[in-house]
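**Q** whatever this is, show me its structure:
(4 chains)
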Number of protein chains: 2
Amino acid sequence: MATGRSHRPATRSRGIPEATVARLPLYLRALTALSERSVPTVSSEELAAAAGVNSAKLRKDFSYLGSYGTRGVGYDVEYLVYQISRELGLTQDWPVVIVGIGNLGAALANYGGFASRGFRVAALLDADAALAGRLVAGLPVRHIDELEAIVVDNQVSIGVIATPAGAAQEVTDRLVNAGVTSILNFAPTVLSVPDGVDVRKVDLSIELQILAFHEQRKAGEGRQEPDGDVPAVMPA
Amino acid sequence: MATGRSHRPATRSRGIPEATVARLPLYLRALTALSERSVPTVSSEELAAAAGVNSAKLRKDFSYLGSYGTRGVGYDVEYLVYQISRELGLTQDWPVVIVGIGNLGAALANYGGFASRGFRVAALLDADAALAGRLVAGLPVRHIDELEAIVVDNQVSIGVIATPAGAAQEVTDRLVNAGVTSILNFAPTVLSVPDGVDVRKVDLSIELQILAFHEQRKAGEGRQEPDGDVPAVMPA
DNA sequence: TAGTGTGAAAGCCTTCACAGCG
DNA sequence: CGCTGTGAAGGCTTTCACACTA
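**A** Numbers count the residues shown, from 1 in each chain, chains lettered A, B, ... in the order given. I've put the predicted structure just below:
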């Protein structure tokens, strides 16, 4: 999902399939929880259950990272936490700017899992001059005019867009121009970016619409088991 | 992707592949924009560009819905809007409850694309009694004790969870017990639900971690480091 | 003629099932 | 013996490329 444009034919950045990369954070979260409970080792079966996947998939995923398990025993929790963190690039510090400090931007700024795990909010930016200086999550909101300077000074490579849809493309252009190469977009717009810039989007209404689709299907299925066909109510 | 548990072997609810369903909202948004500009027809090429996909994929997707285009011309915008809306179940009204009215819950309540498109916020719920009665997005926050009554009275089948992680599973259980069969989860937890209940999750920190992975890869590509092994610190 | 609709080909991703190791 | 690691098989998804038609 969501890379810059139509580049990268079969994106697996270094042998690790994209689908696996997308699950590593899930494993990491489950492992972190185990680590906090001082659990020393875990089997693929247990960890898979905690992460909400099946164990064959988990083992296959881990096999792309290397042979980090012990047959007959399982995986060393601490060691795996380290390996996955390293693989994901979380052993280094990633300064992030959040643009658009409405409810959503504020929610993001306050989000704990954000600040932990290597991500540091370098600045909060908003176009509304009236917001400037106000503290959100302990940080002062700064005016969007400062965007370029902040990105350059802090070597920000990741930007989060929580602006209204209408402002998203312009903000994107400015971020990219200033040197940002990864964007997490919460605005309901398709962003266009140059090659080499990654965009991931999170879209609330799309998720809801997908749920509605399945909801409708369930309702249409009626009481009996879905063995045969659905009534086939064709449109006009 | 986010269905209840390990059920549904190859989920395509009625011939429409899951991957296609996930793109229909994208097409719908692009079409709605065209409709507002009173554009009568679009080609697959144009619409695909607006939606951020390629045209072959779009045509294939539409072919699962039926033959709604005109060769040599393109697609009728209004007609497609209607067909996709119907397919997604957006021609009916979906009452939704949002649980957890912090910054994120408030952002969701205020989100425009939410209220439009067939989704109606039936209630905002929070465990904090101090919030009760306060207006958010024009709706009064109600206490979580009212959850069951609200779900039943409004025939709510979709619930949105914006609570802290610790509360998410309990809220889920109560929603499901009361009759909710689709859940959009913003809490960073794996929810367990009975068969037949769909869960989709949106996880901010996961998205960021995926970006960090690619960011790291880009950075590493500039230097040498092709075979990238690390000192091999084996576990105890 | 311009652009849809679609078999066929090619790639991914998941699952299976079991060899092999601690 | 228990559990990992992994070829092989099977499914989905995307892409290709072109017949076909308004």
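**Q** chain A: helices as residue ranges?
**A** A:18-36, A:44-51, A:55-65, A:77-88, A:103-110, A:112-115, A:147-154, A:165-178, A:204-221 (DSSP state H).
**Q** now those helices as TSV including mean pLDDT?
**A** Compiled in TSV, these are given as follows (pLDDT from 0 to 100):
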stretch	mean pLDDT
helix A:18-36	98
helix A:44-51	98
helix A:55-65	98
helix A:77-88	98
helix A:103-110	95
helix A:112-115	73
helix A:147-154	98
helix A:165-178	98
helix A:204-221	92
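**Q** could you say which of those is packed most deeply?
**A** Neighbour counts (mean count of other CB atoms under 10 Å in any protein chain shown) averaged over each of the helices of chain A peak at helix A:103-110, with a mean of 23. C-betas here are computed from N, CA, C, even on glycine.
**Q** just want the angle from that one to helix B:204-222.
**A** Orientation of helix A:103-110 against helix B:204-222 (axes from the mean of the first three to the mean of the last three CA atoms, to 10 degrees) gives an angle of 70 degrees.
**Q** JSON lines for the helices of chain A, including distance to A:Asp195?
**A** Output for these, formatted as JSON lines (distance: least, CB to CB, whole Å):
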{"stretch": "helix A:18-36", "distance to A:Asp195": "17"}
{"stretch": "helix A:44-51", "distance to A:Asp195": "33"}
{"stretch": "helix A:55-65", "distance to A:Asp195": "26"}
{"stretch": "helix A:77-88", "distance to A:Asp195": "23"}
{"stretch": "helix A:103-110", "distance to A:Asp195": "27"}
{"stretch": "helix A:112-115", "distance to A:Asp195": "28"}
{"stretch": "helix A:147-154", "distance to A:Asp195": "19"}
{"stretch": "helix A:165-178", "distance to A:Asp195": "11"}
{"stretch": "helix A:204-221", "distance to A:Asp195": "25"}
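**Q** how about those helices in a markdown table, adding distance to chain B?
**A** Converted to a markdown table, these look like this (distance: least, CB to the nearest CB, whole Å):
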| stretch | distance to chain B |
| --- | --- |
| helix A:18-36 | 4 |
| helix A:44-51 | 7 |
| helix A:55-65 | 10 |
| helix A:77-88 | 4 |
| helix A:103-110 | 4 |
| helix A:112-115 | 4 |
| helix A:147-154 | 14 |
| helix A:165-178 | 9 |
| helix A:204-221 | 3 |
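**Q** now render these as JSON lines, adding distance to DNA strand D.
**A** Converted to JSON lines, the helices of chain A look like this (distance: least, CB to the nearest atom of the strand, whole Å):
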{"stretch": "helix A:18-36", "distance to DNA strand D": "10"}
{"stretch": "helix A:44-51", "distance to DNA strand D": "3"}
{"stretch": "helix A:55-65", "distance to DNA strand D": "4"}
{"stretch": "helix A:77-88", "distance to DNA strand D": "10"}
{"stretch": "helix A:103-110", "distance to DNA strand D": "27"}
{"stretch": "helix A:112-115", "distance to DNA strand D": "26"}
{"stretch": "helix A:147-154", "distance to DNA strand D": "31"}
{"stretch": "helix A:165-178", "distance to DNA strand D": "22"}
{"stretch": "helix A:204-221", "distance to DNA strand D": "12"}
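**Q** so what's A:Lys201 closest to, chain neighbours aside?
**A** A:Asn185 (4.5 Å; CB to CB, 6 or more residues apart in numbering or on different chains).
**Q** what residues are up against the residue found closest to A:Glu87 once you drop the neighbours it is linked to in the chain?
**A** Using CB to CB, 6+ apart and skipping residues adjacent in sequence, the residue nearest A:Glu87 is A:Leu65, 6.0 Å away. By CB atoms under 8 Å, 6 or more residues apart in numbering or on different chains, the residues touching A:Leu65 are A:16, A:83-84, A:87.
**Q** same check on A:Val136?
**A** A:Val136 neighbours (CB under 8 Å, 6+ apart): A:101, A:105-106, A:109-110, A:124.
**Q** and A:Ala149, by the same measure?
**A** Shown in contact with A:Ala149 (CB under 8 Å, 6+ apart): no residues.
**Q** ok, A:Ser182 next?
**A** Contacts for A:Ser182 (CB under 8 Å, 6+ apart) come out as A:157-159, A:197-200, B:211-212, B:214-215.
**Q** same deal with A:Gly74?
**A** Here A:Gly74 is in contact with A:41-44, A:46-47 (criterion: CB under 8 Å, 6+ apart).
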